[in-house]
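Peer 1: Need coordinates for the following:
(2 chains)
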Amino acid sequence: MTYRNAKTIDKQITKSMNKAVGDAVRRGVNTEYVEELRDRVVERTQLGIGVDPETGNSVKLPPLSSNYKEMRQGKARWYTDKNGKRVKVTKAQDKTGQFVKKPTLANTTTPAKSNLTATGQLLKALTVVKVRLQGGVAFFIRVKDQRGRGLFGYPASVGNKELVKLLAAKGRTFLGFTKSQKNQIRREIRQIIIKFLR
Amino acid sequence: MAQQKFKVKVSKKYNPAERVALGTEIIDFIIDRSKAGKDKKGNDFPAYTSDYAKSFDFKLAGKNKDKVNLTLSGEMLNALTVLSHTPGEITIGIPKDDDFNNAKAEGNIKGTYGQKKPIKGKKRDFMGISRSDLKDITGKYPTKKGSSTNNELLQTLLATEASREIADQFLNVEDLENDL
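Peer 2: From the prediction side, this is the model:
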């Protein structure tokens, strides 16, 4: 740890402060705290806010396409025909009444809401991993690479790891902290250090 | 929309580290005061509209319609930062390139909330600090450094600097390889 005022601070004080700061962080920044940080990523995303991967700024997640909204509303559904062509079936066209139906959405979303939530499995798959490294521990928030079920209960065509990349390619980056969230983390760590120093 | 910010006059005797620490404490104060439902003058924020209180996001965030605290996701209040500082002055606000939070803040400060004209009686101006509140904060940063105040001030300054470095290195949010 180096400080900008290092020249004006006695070396002994600096050494004891470094130890105290290290102890404070080790005690205050624990698995429970990191799990809370993970929950903040989930809650932020559920409110429709993503992260700009270039700037780290908060961004509203892009709106859902009208076709996808219709599917979530139970007004239409798509299938791939034997020629590999995507075909849309509306409720009026569905003579059986069994194909075009309202899917079961998670209660943290609505049909028109863009918050990376359909069944809810992706955001639920965010998990905290604690890794012991030489000299300390590191925490990671990762997405479990499982394959969820789609809106109508069938296994998804891609696992979560691939899904995160596909979403990011469509401007829907969520896995990360916004600048606002990083500010909050800095303030909380500051409070932890002050609390343990006094 | 315009960048939302304000300036605070402080003693010219403060060094840069003290100005940053002061600015950080002012931001902490503004956030705590806003969460307690008070504007920059210490007055209660006006109540939420019934439409907003019935909205999906309001319920999803677990908000209480009787507690106006400018916090839905927490993004706007936490966007506040020390933008710049010079001897005698600290500028606090939201970075210029943060369109999302500048828009949210402007909506609250002017009472517009995305509309062209302000909604009467719904201004929630949180961007500032009263003289008396500022005095309470600067009282912890004496310009005459006696030995009794040095230790606490030093702890605060070091905690401010250390927290920045630690937070920036602290957390990796990325997808790990499966075999880790």
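
Peer 1: Just the strands from chain A, written as ranges.
Peer 2: A:49-51, A:58-60, A:76-80, A:86-90, A:126-133, A:136-143 (DSSP state E).

Peer 1: do chain B as well
Peer 2: B:5-9, B:81-86, B:89-93, B:171-172.

Peer 1: Need the winner for burial among those strands.
Peer 2: strand B:89-93 (a mean of 19; mean count of other CB atoms under 10 Å in any protein chain shown). Every C-beta, even on glycine, is put in place using the N, C-alpha and C of the backbone.

Peer 1: residues touching the residue lying closest to residue B:155 once chain neighbours are set aside, list them.
Peer 2: Excluding the flanking residues, the one nearest residue B:155 by CB to CB, 6 or more residues apart in numbering or on different chains is residue A:197, at 4.5 Å. Residues counted as contacts of residue A:197 (CB atoms under 8 Å, 6 or more residues apart in numbering or on different chains) are A:17, A:20-21, A:24, B:155, B:158-159.

Peer 1: now do residue B:110
Peer 2: The neighbours of residue B:110, taking CB under 8 Å, 6+ apart as the test, are B:118, B:123.

Peer 1: Tell me where the model's unsure across chain B.
Peer 2: Under the criterion pLDDT under 70, the flagged ranges of chain B are B:145-150, B:168-180.

Peer 1: Please produce a markdown table containing the strands of chain A, extended by mean pLDDT.
Peer 2: Listed next are the strands of chain A as a markdown table, based on pLDDT from 0 to 100:
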| stretch | mean pLDDT |
| --- | --- |
| strand A:49-51 | 97 |
| strand A:58-60 | 97 |
| strand A:76-80 | 87 |
| strand A:86-90 | 91 |
| strand A:126-133 | 86 |
| strand A:136-143 | 82 |
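
Peer 1: between those, which gets nearest to residue A:116?
Peer 2: strand A:49-51 (7.9 Å; CB to CB).

Peer 1: Can you tell me what sits against the closest one?
Peer 2: Here strand A:49-51 has contacts from A:57-61, A:116, A:172-178, B:73, B:75, B:100, using CB under 8 Å, 6+ apart.

Peer 1: Out of the residues you listed, which is nearest to residue B:136?
Peer 2: residue B:75 (27.5 Å).

Peer 1: Looks like the closest one contacts residue A:44 (just checking).
Peer 2: Yes. At 7.1 Å, residue B:75 counts as touching residue A:44 under the criterion of CB atoms under 8 Å.

Peer 1: Common neighbours of those two, please.
Peer 2: Shared contacts of residue B:75 and residue A:44, counting by CB under 8 Å, 6+ apart, come down to A:58, A:178, A:181.

Peer 1: Most neighbours among those, which one is it?
Peer 2: residue A:178 (29 neighbours; other CB atoms under 10 Å in any protein chain shown).

Peer 1: which stretches of chain A form helices?
Peer 2: A:11-28, A:31-46, A:66-73, A:121-124, A:160-169, A:179-197 (DSSP state H).

Peer 1: count of neighbours near residue B:41?
Peer 2: 10.

Peer 1: Sorry, slip of the keys, the one I care about is residue A:97.
Peer 2: Residue A:97 has 8 nearby residues by other CB under 10 Å.

Peer 1: Look up how far residue A:64 lies from it.
Peer 2: 25 Å (CB to CB, to the nearest Å).
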